[in-house]
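Trainee: sequence and predicted structure below; questions after.
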Amino acid sequence: MAGENWFSEFERRFGDGDEVRVFFAPGRVNLIGEHTDYTGGYVFPAALTFGTWVMVRPRRDGWFRFASRQMEREVHCRVDEIRYRSEDGWANYPKGIIRQFLEQGAEMDGADMLFHGNIPMGSGLSSSASIEMATAVACQALAGTDWPMVELVKMAQHAENRFIGVQCGIMDQFASGMGRKDHAILLHCDTLRYRYAPMELGDYRLVITHTNKPRELADSKYNERRAECEEGFRQIRPWLDNAACLGEVDVGMWQRVRERVSDLTLRKRLTHVVEENARVHASVEALEQGDLIAFGRLMMQSHESLRDLYEVTGKELDALFDAARQVDGCIGTRMTGAGFGGCTVSLVHRDAVKTFQEEVGKQYERQTGLTPAFYTAEIGNGAHEVSEEVFTSWRF
Ligand code: ADP
Ligand code: MG
């Protein structure tokens, strides 16, 4: 109902009763380290200040009821019938998490859940991980379990892989669960070793620009790049003593062995991966010294490498990149995600955000005929409960 606030909607749908609790989990953006995760390298995501909230009230009759303010369909399901059903659409995301909890031995006797999200869905900011992690922290409270956040992260990835059937890596759920305000996370996806790096934006804002290009190509090219990296590494491996995967090859090692890769295309792909990993580490150093300008430069080098060496940008992302870097006050910009569409992320002085949107919007439309969407975000905390004082003051 138009204008209806969140809590009234909850009561209208589910009736009045015990107190409700509210949980939040953010979306994420990968700041640098693209196409490095599947070769044992590093990524560098941050949690955003937008994401998915869930208002929850436990039930005692074994029924779950799922509703979302962004979706028409309300789904009801008994606790012993939590299975994937394509007709349940979006509700399979929370169901997948509940299924994980049940499989791990948690006891739940049903709940009413009303979701509310403000991440554009399907644009690469991981609304899926955010709805999963919001459900996971809510289930933790319902079931009274005390599992570490990293375990919830793994359960959410598992749910997305096995229950939903999307073969995502762990970065999205990890950033959504483990994010920390004003920090980015240096994450090694294979081992889940991680470290926070300070990312004080000060007068700068993260502007995320969505190409609004329908996603295509990305999956097939993704698989092709993976295969190229595997093949390239196979060719250099005999000449490397101490690297078990491409992610462990540093720039010096690569200089010594690069001639062993005969195919020039493969050589370009590997050069990207090796140098991108080096850029991730250089980014951490720059940010630890509070040098946002240096970090911005690394972002642009990353984009150029993804464009020229890895060849996964495409004309839309390149148009956004070219337009963004011409705007005064934009100190860094690059594509983020798998490529061929999705978003760019840019560091823009707060006084220049409006001009940035106008200029980039105009130039992008002229070049591609598409209208981009802009989101200005800050870096926030990972999944958590929202206190009652806070959520009762909200109007949405
Ligand atoms: P992305 O993760 O890039 O946003 P996905 O296709 O992986 O895109 O996930 C989007 C899906 O997640 C939506 O189609 C929907 O099923 C579910 N989802 C995300 N946010 C919400 C929400 N607020 N309410 C209901 N479903 C949501
Ligand atoms: Mg997703």
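Mentor: Perfect, thanks for sending it. Remember, it's a predicted structure, so these values are computed and weren't measured experimentally. Numbering: from 1, shown residues only. Ligands and ions are numbered 1, 2, ... in the order given.
Trainee: buried residues, the lowest-mean-pLDDT helix or strand in the chain. List them.
Mentor: Lowest on mean pLDDT, DSSP states H and E among the helices and strands of the chain sits helix 388-392, with a mean of 82. Going by neighbour count (16 or more other C-beta atoms under 10 Å), the buried part of helix 388-392 is Phe391. All C-beta spots, glycine's among them, are computed from the backbone N, C-alpha and C.
Trainee: what's that helix packed up against?
Mentor: If contacts are counted by 3 or more C-beta pairs under 8 Å, 6 or more residues apart in numbering; DSSP states H and E, helix 388-392 sits against strand 21-30.
Trainee: what mean pLDDT does the next helix or strand after the strand it packs on have?
Mentor: Downstream of strand 21-30, the next assigned helix or strand under DSSP states H and E is strand 42-43. Mean pLDDT, strand 42-43: 98.
Trainee: element containing the residue in the stretch 51-200 of the chain positioned nearest to ligand 2?
Mentor: Closest to ligand 2 within the stretch 51-200 of the chain is Ser128: 3.2 Å, counting by C-beta to the ion. Applying DSSP H and E as the criterion places Ser128 in helix 127-143.
Trainee: who does that helix touch, helix- and strand-wise?
Mentor: Using 3+ C-beta pairs under 8 Å, 6+ apart, the elements in contact with helix 127-143 are strand 21-30, strand 45-58, helix 92-103, strand 110-117, helix 149-158, helix 171-178, strand 384-386.
Trainee: mind checking how far Cys330 is from Arg279?
Mentor: Taking C-beta to C-beta, to the nearest Å as the measure, Cys330 and Arg279 are separated by 18 Å.
Trainee: burial count for the residue lying closest to Met155 once chain neighbours are set aside?
Mentor: Taking C-beta to C-beta, 6 or more residues apart in numbering, and ignoring the residues beside it in sequence, Met155 has Gln100 as its nearest neighbour in space, at 4.2 Å. Gln100 has 25 neighbouring residues, counting by other C-beta atoms under 10 Å.
Trainee: pLDDT weak spots in this structure?
Mentor: With pLDDT under 70 as the threshold, the chain has low-confidence stretches at 1-3, 217, 395.
Trainee: what parts of it come near ligand 2?
Mentor: The chain comes close to ligand 2 at residues 126, 128, as judged by C-beta under 5 Å from the ion.
Trainee: check the offset of the least confident helix or strand of the chain from the chain's centre.
Mentor: 27 Å (C-alpha atoms, centre = their mean, to the nearest Å).
Trainee: residues in contact with it?
Mentor: Contacts to helix 388-392, defined as C-beta atoms under 8 Å, 6 or more residues apart in numbering, come from residues 6-7, 19, 21-22, 53, 55.
Trainee: from the residues you listed, keep the buried residues only.
Mentor: The neighbour-count criterion (16+ other C-beta under 10 Å) marks 6-7, 21-22, 53, 55 among those as buried.
Trainee: is it possible to export the residues you listed to JSON lines including distance to Val284?
Mentor: Converted to JSON lines, the buried ones among the contacts of helix 388-392 look like this (distance: C-beta to C-beta, whole Å):
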{"residue": "Trp6", "distance to Val284": "38"}
{"residue": "Phe7", "distance to Val284": "42"}
{"residue": "Arg21", "distance to Val284": "36"}
{"residue": "Val22", "distance to Val284": "34"}
{"residue": "Trp53", "distance to Val284": "31"}
{"residue": "Met55", "distance to Val284": "37"}
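Trainee: farthest-separated two in the residues you listed?
Mentor: When C-beta to C-beta is used, the two most widely separated members of those are Trp6 and Arg21, lying 13.0 Å apart.
Trainee: and for these two, which residues touch both?
Mentor: Residues touching both Trp6 and Arg21 (C-beta under 8 Å, 6+ apart) are Met55.
Trainee: that older thread, contacting residues around the residue of the stretch 51-200 of the chain closest to ligand 2?
Mentor: Taking C-beta under 8 Å, 6+ apart, one finds 93, 160, 164, 166, 168, 172 in contact with Ser128.
Trainee: how about a cut-off of 10 Å?
Mentor: Residues counted as contacts of Ser128 (C-beta atoms under 10 Å, 6 or more residues apart in numbering) are 27, 52, 90, 93, 96, 119, 121-122, 156, 159-160, 164, 166, 168, 172-173, 176.
Trainee: one more: Glu132?
Mentor: 25, 52, 93-94, 96-97, 100, 126, 152-153, 155-160, 163-164, 172-173, 176-177, 383.
Trainee: what does Pro198 give?
Mentor: Residues in contact with Pro198 (C-beta under 10 Å, 6+ apart) are 180, 182-184, 284, 287-290.
Trainee: near ligand 1, list only the ones from those residues.
Mentor: Residues of the contacts of Pro198 in contact with ligand 1 (C-beta under 6 Å from any ligand atom): none.
Trainee: show me which of those are buried.
Mentor: Taking 16+ other C-beta under 10 Å as the criterion, what is buried in the contacts of Pro198 is 180, 183-184, 284, 287.
Trainee: what two of these are the furthest from one another?
Mentor: Comparing the members of those, the greatest separation, given C-beta to C-beta, is between Arg180 and Val284, at 14.2 Å.
Trainee: run through the strands of the chain in chain order.
Mentor: 21-30, 42-43, 45-58, 63-68, 75-78, 110-117, 183-188, 193-198, 204-210, 330-336, 343-349, 373-377, 384-386 (DSSP state E).
Trainee: before we move on, the earlier item: how near is the residue of the stretch 51-200 of the chain closest to ligand 2 to Gln157?
Mentor: On the measure of C-beta to C-beta, Ser128 and Gln157 end up 11 Å apart.
Trainee: any idea which of the contacts of Pro198 is closest to ligand 1?
Mentor: Ala184 (19.1 Å; C-beta to the nearest ligand atom).
Trainee: the closest one contacts Asn30, correct?
Mentor: Yes. Between Ala184 and Asn30 there is a contact at 9.2 Å, judged by C-beta atoms under 10 Å.
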